[in-house]
Every structure is written in structure tokens, then in C-alpha cells.
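Student: Just need the structure, nothing else, for what follows:
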Amino acid sequence: MNKNYFIVLLACLFCSVSKAQVQTEIAPPFNIKTVSFVQNGQNVIPIFSLQDGFQLQFDDLYGNEANYYYEIVHCDYNWTPSQLVKSEYIQGFDNQRIQDYENSFNTLQLYSHYRLSFPNKFTQFRVSGNYMIKILNEDKDVVFSRKLILYEDLVSVPLQIKRARDVRDINYMHNLDFAVKSNAITFVNPLQSVKVMLLQNGQFNEAIYNIKPQYTIGNDLIYKYDKETQFWGGNEFLYFDNKEIRSPVNNISYVQAKDLYEPHLYANKARASQVYTFNPDVNGNFVVRNLNAQNNEVEADYAWVFFTLDAPNYFGKNNIYINGMFNNYALNDENRMDFNTKTGLYEKAIVIKQGFTNFQYVIADKTGKIDHANAIDGNFYQTENNYQVIVYYRGMNERYDKVIGRGIANSENIIN
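Tutor: Model prediction:
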């Protein structure tokens, strides 16, 4: 075999393997905080209609007005890069510098606040599907990345949340019963062409994949599984609110004033053995807010928030983490609690932007697998959670998985 031909062949094989790699979210470094998708002034789960406008916002605690760029990768259902070339999924081009930014005002923590709006004059999305947005530095290294889903309204997805059918789990789990119906698409070979992703409170890292239609009625696809579409109910999120950053209110025991304000939360006890108590939450979300500011994006300050958990029975078993949408449910050292052998308490301090913040304690092994069955705060069928069913479709001779619709339901309306 010709040597040059062999080298080219190896290069092609290497490229094809590289392109087939699953795209995973890259967590931001310590200086990048409060990464969020924003629509109509609110932090939202990044699932938008193809025609919607939205923003990706974040803060850089270095506050030096660094240059950041963005790259967009279109992915298939399994989050591998699709066969589409860039000009097929975006109109215009990416790899542009983020030009909309400003520095914080009247805050102890200096930071630069960045906004990346879509669509913008350089970039408009052409097709639906899974996307990975990567934020790059001046050296074009990836600083962090986030998943994003754009969908079309081509199907209806009636969704009902029910209690588990297995009597052993009936008090602890939620089951999703749903159907996929369409007058716009005649499904051909739906067992292969139609795929769904199930989400609880928008947590991509805990999504359920690869559930096939159980049966069909005409052109309607029916999903009525006993176990395959179940989530652990969990418990209501905990919260604190330091919109008045100097005051010890809203689950804050006391506040110390140092380089940054340091609110110390009241110690939380493990709630698994307690009875369910309704506690209104925003299902893991957060709201940046400074009571004395006009522009929360740049006038809300950062604080070292001190968490304390009274759960000595979990010591030595697995790691305990603090997470929520404020840190993208990350299971890393920055959010891992430390056990204080003197007090017998788990403790952790995290830098969080001022406002109303939902959080939870989760237990996970070294691989990042969460132990839902032995959740620190327990599992209750009464827990109010948001659920979404995302529907994908790839027709004959099509080269990518389009998102053709979604269903939304809340377990507040759970039935037996």
C-alpha cells in the first residue's frame, strides 16, 4: 500500500472518530460564575422554540474585560456531532467575540458581566435539534460549554404524572405517561425514527433516554411503561435569600462582613426520615436580586455562602454535594462538602451571586452517580417537580435528529 495513502487513511479515520465523540458539558473555572440562559429577564431551562430569542449570560470575577468567543456545535439525539456542516445549521457564522459586556457597579466583588444574544447579526439558527454552545478564550481554548435544545411545534405531547405502579415505590417515585400525536408527520417505522428524552426540573445529567413507543394507535405513539419512565420524587429544594446582603433573614443565621459578605445559613438536617412538608420552591432555579439596585445584572454582589448539614449517618459512605441551577448541578470539588470531625457536621462555603437561590444536598459516588434511593432529603410522591418530554424525529434520508415538539407537566397534579 502506498505510504502517503496509508497516512491519509489514518488521518481520515482519526477525524471520523473525533467527530463521533459525545459532547459533554465542560464546567467553568472558578472565576466564571452565574452561567445562565435568560429569556424575558428570567433564568430558564435552555429549551427554546426555533423562533425564540434568548441570551447566554455569565460573570467573570477577574473583572478585566477579557475577550471571549463562542462556537456552536449541532448534535444528534445522543449528543454526538451531527453530519450537518456549519452552514446547514446556522445562517452566518460563529467564532465571534462577545461584544455585549459591562463591569459591575458598586459591588465589593469586581466582575465583568457578559451577554450573548441569539439570534444576533452574525448568527441565526436554521434547524432544530441538540446544540452545544462553547465559550472560548483568546487562545480559542474552551472555557466552558452548555447544552441547548431548539424545537419545532410539529407534534402534541399529552403528558400525565402518575404515582409508581409498583407498590414498593408508590410513595417515592413519579411515573410519566405520555403520547406523541401529529397531524403534520406520518411516522414511518417509529421504533427507529422517533426518540424521546425525559427531564426532571431540566437536569440534563439525569435525563432518561432510549425509551421506545410501547404501542401505536393509528399515527399516535403511546408510552405507558411501569418502570422505564420513572423518576425518584426527591424533596422540595431548600433556599436562602440574601437580596439584602447585610441582613440575616430568609434562612440566614448571621452575616459577617469581610472582603466579601459571608452569610452563614442555619444548619439543615437530613430530611429523609421526616414526614413530607410542603415548602414552595422554584425547582432548583435562582433569581439574581439586590434589593437596593436598579440593574441586578451588574449591581448584585457576590458573597461567600456558608452551608452546614447535620447528617452524621452519611459520613464515610459517599461524597455530599451542594447544587442547583446556580452551579448547573455540578458534582465537583468546589461544591463538595467537608466533614468537620469536631462538630460532626458537613460544611462548605461557596461564592454565589446575591439573590434568591434554590439548592439541594445530593450524595454521589466517585464516578458522579447520584444515589437517589438513599437521598439525604428523602423521596416523596407529594414533591412538586416539573417534567418535560422532548421528542426527536429522523425521517427517511434525513441526516440529523430534529426536535419536533415537547410535552410539559407538573407533579402537583399527580394521580394514581
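Student: Relative to residue 184, how far out is residue 129?
Tutor: Between residue 129 and residue 184 the distance, using C-beta to C-beta, to the nearest Å, works out to 17 Å. Where C-beta positions appear, they are placed from N, C-alpha and C, glycine not excepted.
Student: What of residue 340?
Tutor: Residue 340 sits 59 Å away from residue 184, going by C-beta to C-beta.
Student: Check residue 387 too.
Tutor: On the measure of C-beta to C-beta, residue 387 and residue 184 end up 24 Å apart.
Student: likewise residue 299?
Tutor: Residue 299 is 46 Å from residue 184, where distance means C-beta to C-beta.
Student: out of these two, which sits in the more crowded spot?
Tutor: Neighbour totals were compared for residue 299 and residue 184, and residue 299 leads with 18 against 10 (other C-beta atoms under 10 Å).
Student: Quick check, that one in contact with residue 111.
Tutor: No - at 11.1 Å, residue 299 does not count as touching residue 111 under the criterion of C-beta atoms under 8 Å.
Student: where do the contact lists of the two overlap?
Tutor: By the contact definition C-beta atoms under 8 Å, 6 or more residues apart in numbering, residue 299 and residue 111 are jointly contacted by residue 104.
Student: check contacts around residue 345.
Tutor: By C-beta under 8 Å, 6+ apart, the residues touching residue 345 are 267, 308, 309, 310, 312, 339.
Student: Please tabulate those in TSV, including the columns distance to residue 119 and secondary structure.
Tutor: TSV is the format used below for the contacts of residue 345 (distance: C-beta to C-beta, whole Å; DSSP: H, G, I helix; E, B strand; the rest coil):
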residue	distance to residue 119	secondary structure
267	47	coil
308	45	strand
309	43	strand
310	49	strand
312	52	helix
339	48	strand
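Student: Could you dump these into CSV with neighbour count and pLDDT added?
Tutor: As requested, those are exported to CSV (neighbours: other C-beta atoms under 10 Å; pLDDT from 0 to 100):
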residue, neighbour count, pLDDT
267, 15, 97
308, 18, 98
309, 22, 97
310, 13, 96
312, 13, 90
339, 16, 95
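Student: how close does residue 171 sit to residue 362?
Tutor: Separation of residue 171 from residue 362 (C-beta to C-beta): 20 Å.
Student: The two - which one has more neighbours?
Tutor: For residue 171 versus residue 362, the count of surrounding residues by other C-beta under 10 Å is larger for residue 362: 22 against 14.
Student: Contact partners for that one?
Tutor: Per C-beta under 8 Å, 6+ apart, neighbours of residue 362: 320, 321, 323, 331, 370, 375, 376.
Student: The second one in helix, strand or coil?
Tutor: Secondary structure, DSSP: H, G, I helix; E, B strand; the rest coil: residue 321 is strand.
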